[in-house]
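Novice: Build the 3D model from these lines:
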Amino acid sequence: QVQLVESGGGLVQPGGSLRLSCAASGSFFSIRDMGWYRQAPGKQRELVAVITTGGTTNHADSVKGRFAISRDNAKNTVYLQMNSLRPEDTAVYYCNAQIKKNWRSSNYDNYWGQGTQVTVSS
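Specialist: Model (predicted):
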């Protein structure tokens, strides 16, 4: 069974920093894109950043210059470094990964973590 386990959320003051981690565990063949999404109360889930296996990244305009996504393929882990945090960054952050379960599979399936709360408040 494939699992994505997130860590690193919490309460931080405006202007502060947090680093989120998400590790994929279980039995699988390969991971393609990995990313972070967030959902604030009363709002739809939105893309924060995504990274390919080769390291190409894409960040939402609202976080460009403040957040940075990275990954360690050897550890099947994706990170989100969040700097200059603002109250509007408050949300539940979800890890996402496209995973192929075995070499026979023709498709990559979407997997989600359980979510980690990030609260930015003074």
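Novice: Most distant residue from the centre of this protein?
Specialist: In terms of distance from the mean C-alpha position of the chain, residue 104 ranks first, at 27.1 Å (CA atoms, centre = their mean).
Novice: which SS state does that residue fall under?
Specialist: The local conformation at residue 104, judged by DSSP: H, G, I helix; E, B strand; the rest coil, is coil.
Novice: Against residue 26, how distant is it?
Specialist: Going from residue 104 to residue 26 by CB to CB, to the nearest Å gives 17 Å. From N, CA and C alone the C-beta is placed, and that goes for glycine too.
Novice: which one is the residue nearest to the spatial centre of the chain nearest to, not counting chain neighbours?
Specialist: Closest to where the C-alpha atoms of the chain average out (CA atoms, centre = their mean) is residue 36, at 2.7 Å. The shortest distance from residue 36 to any non-neighbouring residue, by CB to CB, 6 or more residues apart in numbering, is to residue 48 (4.4 Å).
Novice: from what I can see that neighbour touches residue 80, true?
Specialist: Yes - here residue 48 lies in contact with residue 80, judged by CB atoms under 8 Å, at a distance of 6.9 Å.
Novice: can you list residues touching both of the two?
Specialist: 36, 67, 69, 93 (CB atoms under 8 Å, 6 or more residues apart in numbering).
Novice: which one is the last one nearest to, not counting chain neighbours?
Specialist: What that stands for is residue 93. residue 38 (4.8 Å).
Novice: So that neighbour: helix, strand or coil?
Specialist: Criterion first, three-state DSSP; result for residue 38: strand.
Novice: Look up how far residue 103 lies from it.
Specialist: From residue 38 to residue 103 the distance is 33 Å (CB to CB).
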